[in-house]
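Visitor: Here is the input, now give the coordinates:
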Amino acid sequence: MDQNPYDTYSCAEVHYDERGLEGDDSGQSAMPKDIYNAPYARKGAILRALGWDTGVWGKRGMETPYCIFKPVGLLPKRQYCASDALWLRIASQVHDIEMIQYLRTAWERWKGMPMKNRCKFFRREKDGESDPAAVPALVPSNFAQRSEPGSKAGTDVHSQTNWYHTDDETPIFEGLLETLESDILVALKTSEAMLRWRQNLKARPQSRYFYSLVTHPGHHAGKSSIGGYCYVNIAALIAHHILHPAAPEEYYGQSKYEKVAILDVDYHCGNGTISIFWDRPDVFVASIHADPSGDYPWNSGFADQIGEGAGEGKTLNLPLTPGAGWAEYEKALRAALAAIKDFGAEAIVVSLGLDTHRDVPVQEKATAGMGLTSEDYFEMGKLLGGANLQLAFVQEGGYQVAVAGQLVAQVFRGVEAEFNRTLSRKRRLD
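Guide: Okay, here's the model as predicted:
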């Protein structure tokens, strides 16, 4: 039997947006400075660690021996790639339409107000701001108790900001909308690539894995909430889209998926993802994270939260003990992968956070914390590759720009090592 050429090596297909890759974080010049969060710098560091700056342009994109880089600007556009359609037809599949409308319009409404009408408690100035006429970023002044009777989002941008935001570390600022649109397009292109791969090739699923290298993380963005540096839930978009493609049925034929799992390996619980699929039977969500009694998000991620209705039993929270190292993490990861297998998932969307590393500054070390090393990320990749399912990675948190790229590369090396091991075994058996 002829050897399928795609079965002879493992390759990552990386989808990303090129904005803000000058290396100096110029893409976030309008973003209020945050001592932890530098999303544009993180994206550039990861691309360079994966060899993006040493690749050669080919028919499929920028290529290195183990990566194909596909900037969204080079990919074919369809009618739904227009701005309105990206939000109304794509993002609204996993988020409430009212929240989507808020995200689409908040900055222009805030910017268009007379300065005197911008309530002072909602203003977030940039560090060193010298222009008194500059429009400050928009943050909530307080947070609505949405579970209380008599609460609702008003029509004013101030009221809606208090309603949809869960913290004041996730601001609305100039240029955010365009970046989020690119992130949505990255998610869309990743899911389409997964569907095409499943449709056109009979290769082993792990011989091609996919990576949505978005600018802003998404796993804390809930069905109707924004927070934790997250605005749009990219992992949820990919999972939903490969189950329910936006293109007509005849376009993808039998290539769409029936069951998908999202595995969140970020240090913090993927509370937004959990909220989106809380009562859905077709997506299994597993999250390995710090104990929410001791770290963000504080009120989601407990082991007894398992979904409800049709989704009951389709959510698996695996909070770890304070200071957990690889031994405990590996046990939880194996348990998550076993549950995903029992669910019958055909693909795993991995919310790839890099903040489980032992030196990450955002961890509450006194009450939670984790202690993974760079070598542990390699082992993580091996276990993920050993699941023998289609893999798609989505970039989530990562607050050490200096090592972020190294950690992603380690995960991918682990996936490739496991593929090579199983390929060698297959050849021996053949």
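Visitor: and stretch 86-95, average pLDDT?
Guide: Stretch 86-95 carries an average pLDDT of 87.
Visitor: gap between it and the chain center?
Guide: Taking the mean of its C-alpha atoms, stretch 86-95 sits 16 Å from the chain's own mean (C-alpha atoms, centre = their mean, to the nearest Å).
Visitor: what does stretch 171-179 give?
Guide: For stretch 171-179, the distance to the chain centre is 17 Å (C-alpha atoms, centre = their mean).
Visitor: got it, and stretch 331-340?
Guide: A distance of 20 Å separates the centroid of the chain from that of stretch 331-340, by C-alpha atoms, centre = their mean.
Visitor: With just CA atoms, put that stretch into CSV.
Guide: Output in CSV follows, covering the C-alpha atoms of stretch 331-340 (Å, rounded to 0.1, in the frame of the first residue of the first chain):
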residue,chain,number,x,y,z
LYS,A,331,-2.7,12.7,36.7
ALA,A,332,-5.4,15.4,36.1
LEU,A,333,-4.5,15.6,32.4
ARG,A,334,-4.7,11.8,32.0
ALA,A,335,-8.1,11.9,33.7
ALA,A,336,-9.3,14.7,31.4
LEU,A,337,-8.2,12.8,28.3
ALA,A,338,-9.8,9.6,29.5
ALA,A,339,-13.1,11.5,30.0
ILE,A,340,-12.8,13.0,26.6
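Visitor: got the buried residues for the top helix by length along the chain?
Guide: Taking DSSP state H as the criterion, the chain has its longest helix at helix 401-429. The neighbour-count check on helix 401-429 (16 or more other C-beta atoms under 10 Å) flags 401, 403-419, 423 as buried. Just so you know, the C-beta spots here come from the backbone N, C-alpha and C atoms, and that holds for glycine as well.
Visitor: counting contacts, what elements does it pack onto?
Guide: Counting contacts by 3 or more C-beta pairs under 8 Å, 6 or more residues apart in numbering; DSSP states H and E, helix 401-429 packs against helix 39-49, strand 208-213, helix 374-385, strand 390-395.
Visitor: Most tightly packed of these?
Guide: Of all the helices and strands packed on helix 401-429, strand 390-395 carries the top mean neighbour count, a mean of 27, counting by mean count of other C-beta atoms under 10 Å.
Visitor: in its sheet, what does that one sit against?
Guide: According to DSSP bridges, strand 390-395 forms sheet pairs with strand 208-213 (parallel), strand 347-352 (parallel).
Visitor: looking at this protein, which helix or strand does the model trust least?
Guide: helix 249-252 (a mean of 58; mean pLDDT, DSSP states H and E).
Visitor: Give me the next element, helix or strand, following it.
Guide: Sequence order places strand 260-264 as the next helix or strand after helix 249-252, per DSSP states H and E.
Visitor: follow-up on the earlier one: averaging pLDDT over each of the strands paired with strand 390-395, which comes out lowest?
Guide: Of all the strands paired with strand 390-395, strand 208-213 carries the lowest average pLDDT, namely a mean of 94.
Visitor: So what touches that one?
Guide: With contact meaning C-beta atoms under 8 Å, 6 or more residues apart in numbering, strand 208-213 is reached by 6, 10-16, 43, 46-47, 186-187, 190, 193-194, 197, 201, 234, 238, 390-395, 412, 415.
Visitor: want to throw the strands paired with strand 390-395 into JSON lines with distance to H289?
Guide: Below are those laid out as JSON lines (distance: least, C-beta to C-beta, whole Å):
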{"stretch": "strand 208-213", "distance to H289": "20"}
{"stretch": "strand 347-352", "distance to H289": "10"}
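Visitor: quick one: which of the ones you listed is nearest C119?
Guide: strand 347-352 (34.6 Å; C-beta to C-beta).
Visitor: Show me what counts as buried in that closest one.
Guide: Neighbour counts over strand 347-352 (16+ other C-beta under 10 Å) mark A347, I348, V349, V350, S351, L352 as buried.
Visitor: what's the most distant pair in those residues?
Guide: A347 and L352 (14.8 Å).
Visitor: Look up phi and psi at the nearest residue to E18 once chain neighbours are set aside.
Guide: Closest residue to E18 apart from its sequence neighbours, by C-beta to C-beta, 6 or more residues apart in numbering: P71 at 4.8 Å. Per-residue torsions, P71: phi -70, psi 140 (degrees, to the nearest 10).
Visitor: Read off the pLDDT value for P71.
Guide: Reported pLDDT for P71: 89.
Visitor: mind listing the strands for the stretch 101-250 of the chain?
Guide: Using DSSP state E, counting those that start in this stretch, the strands of the stretch 101-250 of the chain run over 123-124, 137-138, 208-213.
Visitor: so what are the domain limits for this structure?
Guide: The chain breaks down by automatic domain parsing into domains covering 5-76+179-429, 83-164.
Visitor: Single out the most deeply packed of those.
Guide: Mean neighbour count (mean count of other C-beta under 10 Å) peaks for domain 5-76+179-429 among those, with a mean of 20.
Visitor: Could you check how far the longest helix of the chain is from the centre of its chain?
Guide: On C-alpha atoms, centre = their mean, the centre of helix 401-429 falls 21 Å from that of its chain.
Visitor: just the angle between that helix and strand 390-395, please?
Guide: Note on geometry: by axes from the mean of the first three to the mean of the last three C-alpha atoms, to 10 degrees, helix 401-429 and strand 390-395 are set 170 degrees apart in direction.
Visitor: so for helix 401-429, what's the average pLDDT?
Guide: For helix 401-429, mean pLDDT rounds to 82.
Visitor: same thing with stretch 114-126?
Guide: 81.
Visitor: Render the CA-only coordinates of that stretch in CSV, please.
Guide: Included here for stretch 114-126 are C-alpha records, laid out as CSV according to Å, rounded to 0.1, in the frame of the first residue of the first chain:
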residue,chain,number,x,y,z
PRO,A,114,-18.8,65.1,25.0
MET,A,115,-16.0,64.8,27.5
LYS,A,116,-18.2,66.1,30.3
ASN,A,117,-20.7,63.2,29.7
ARG,A,118,-18.0,60.5,30.1
CYS,A,119,-18.5,59.6,33.8
LYS,A,120,-15.1,59.9,35.5
PHE,A,121,-15.2,56.6,37.2
PHE,A,122,-15.3,54.8,33.8
ARG,A,123,-12.1,56.4,32.5
ARG,A,124,-8.8,54.5,32.3
GLU,A,125,-6.0,56.8,31.2
LYS,A,126,-2.9,55.5,29.5
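Visitor: Not counting it itself, show me its contacts.
Guide: Residues outside stretch 114-126 that contact it (C-beta under 8 Å, 6+ apart): 30-33, 110, 133-134, 136-141, 158, 161, 168, 171, 173.
Visitor: what distance separates it from the centre of its chain?
Guide: Worked out by C-alpha atoms, centre = their mean, stretch 114-126 lies 30 Å from the chain centre.
Visitor: for stretch 142-160, same thing?
Guide: The answer for stretch 142-160 is 27 Å, by C-alpha atoms, centre = their mean.
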